[in-house]
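Enquirer: I need the structure of the sequence given here:
(one chain, ligands or ions: 1)
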Amino acid sequence: IVQLYVPLNWFGTYYRAIQKNFVDMENMFDLLKEEQEVIDAPGAGPITVKKGTVEFNNVTFGYQPEKLILKNVTFTAPAGKTIALVGPSGSGKSTIIRLLFRFYDVETGNILIDGQNIKTVSQESLRRTIGVVPQDTVLFNNTIKYNIKYGRLTATDADVIEAARGADIHDKILSFTDAYDTMVGERGLRLSGGEKQRVAIARTLLKAPQIVLLDEATSALDTQTERNIQDSLDKMCANRTTIIVAHRLSTIIHADEILVVQEGEIVERGRHEHLIGQDGIYASMWRQQLDKDAIAMNSIESSATH
Ligand code: ATP
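Expert: Just a heads-up that it's a prediction; the model follows:
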């Protein structure tokens, strides 16, 4: 009993950590099938996604029934458009993403993709449709090629290279001793935060999903790296329905709609200019960000002159 209990418990803890932190859950999901909390409906067929429209209709949800985390969340992410979620820590942004990936089932309201309730389709097909760029990408102790190819295991070497180029990491890989055959991960070459993010982008380019979920890293990359990555992200998100959990407002100025989440409710919505004009919560978050950036700029400038 003890022998059985230990690994199962470990898996359980690990699985919950993944659910909570949204760390590479796509990868880990395969490894942890046993631990599924959400069960497919009997005879659930694959989802059919033509356009990739995502709808939340009056979704109310709590991890425990007595504590609601989301209240009456309603929004539409039209096919090919970008929706950004912003709001204070703990307001429920990542929960919205987790529900779309169906880590939990909603009891009140529903979530539809191209009109199909995600509760009624197979989870495997749902997750095939959705690409995830998590905050922190966990690499396998394997070659860089394998790590990119994980997005689509049937991909050819040429496909892998094309994806790496799209993610702007190809030249970097060629500079490694064994190029695409270089071992990476904990026991190989350690990649930087920005490089790991590019691996996640390359994987997603290979997977070519209709829907992309992007959990922006909270840990700051340096400004130049961030700007470079933004180009790759833009490429990846073009013509795909994209939902971004944004921590830096500068990345979502061009989002088609920004949803401001506070204590589980959408309290403001609209494009950047519209929300600035409203002079509400978003506008004050924006001013705070500008102040922070100005302070950072000043300290860079003053350290440069000394
Ligand atoms: P952040 O910007 O810090 O990532 P967030 O807006 O994404 O925050 P969520 O991660 O969605 O917030 O969390 C919303 C609330 O739900 C928080 O109060 C959090 O503590 C709680 N919560 C998250 N996961 C669980 C869980 N597995 N069980 C119970 N409560 C949870």
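Enquirer: what comes up buried for the host helix or strand of residue 109?
Expert: Using DSSP states H and E, residue 109 falls within strand 108-113. Neighbour-count burial for strand 108-113, with 16 or more other Cβ atoms under 10 Å as criterion, is recorded at 109, 111-113. C-betas here are computed from N, CA, C, even on glycine.
Enquirer: tell me what it is packed against?
Expert: When contacts are defined as 3 or more Cβ pairs under 8 Å, 6 or more residues apart in numbering; DSSP states H and E, strand 108-113 packs onto strand 54-61, strand 70-77.
Enquirer: what are the ranges of the helices in this structure?
Expert: Using DSSP state H, the helices found in the chain span residues 2-21, 25-31, 93-100, 123-129, 144-149, 157-166, 170-174, 193-207, 223-237, 272-278, 281-305.
Enquirer: got the helices and strands packed on strand 108-113 as a markdown table, with mean pLDDT columns?
Expert: Shown next, in a markdown table, are the helices and strands packed on strand 108-113 (pLDDT from 0 to 100):
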| stretch | mean pLDDT |
| --- | --- |
| strand 54-61 | 98 |
| strand 70-77 | 97 |
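Enquirer: can I get these in JSON lines with mean neighbour count and distance to the ligand?
Expert: Below are the helices and strands packed on strand 108-113 laid out as JSON lines (neighbours: other Cβ atoms under 10 Å; distance: least, Cβ to the nearest ligand atom, whole Å):
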{"stretch": "strand 54-61", "mean neighbour count": "19", "distance to the ligand": "9"}
{"stretch": "strand 70-77", "mean neighbour count": "18", "distance to the ligand": "8"}
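Enquirer: nearest to the ligand, of the helices of the chain?
Expert: Nearest to the ligand, of all the helices of the chain, is helix 93-100, at 3.2 Å by Cβ to the nearest ligand atom.
Enquirer: okay, now the closest residue to the ligand within the stretch 101-250 of the chain: neighbour count?
Expert: Residue nearest to the ligand within the stretch 101-250 of the chain: residue 245 (6.2 Å; Cβ to the nearest ligand atom). By other Cβ atoms under 10 Å, 20 other residues sit near residue 245.
Enquirer: check residue 282 too.
Expert: Neighbours around residue 282, by other Cβ under 10 Å: 23.
Enquirer: which non-adjacent residue is nearest it?
Expert: residue 275 (3.9 Å; Cβ to Cβ, 6 or more residues apart in numbering).
Enquirer: need the CA coordinates for stretch 47-56. PDB is fine.
Expert: Provided in PDB are the C-alpha atoms of stretch 47-56 (Å, rounded to 0.1, in the frame of the first residue of the first chain):
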ATOM      1  CA  ILE A  47     -14.600  18.600 -31.700                       C
ATOM      2  CA  THR A  48     -15.000  20.100 -35.200                       C
ATOM      3  CA  VAL A  49     -13.200  23.500 -35.400                       C
ATOM      4  CA  LYS A  50     -13.500  25.400 -38.600                       C
ATOM      5  CA  LYS A  51     -13.200  29.000 -37.500                       C
ATOM      6  CA  GLY A  52     -12.200  28.900 -33.800                       C
ATOM      7  CA  THR A  53     -14.700  31.200 -32.200                       C
ATOM      8  CA  VAL A  54     -14.600  30.900 -28.400                       C
ATOM      9  CA  GLU A  55     -17.600  31.900 -26.300                       C
ATOM     10  CA  PHE A  56     -18.100  32.100 -22.500                       C
END
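Enquirer: having no further points to raise, I will conclude here.
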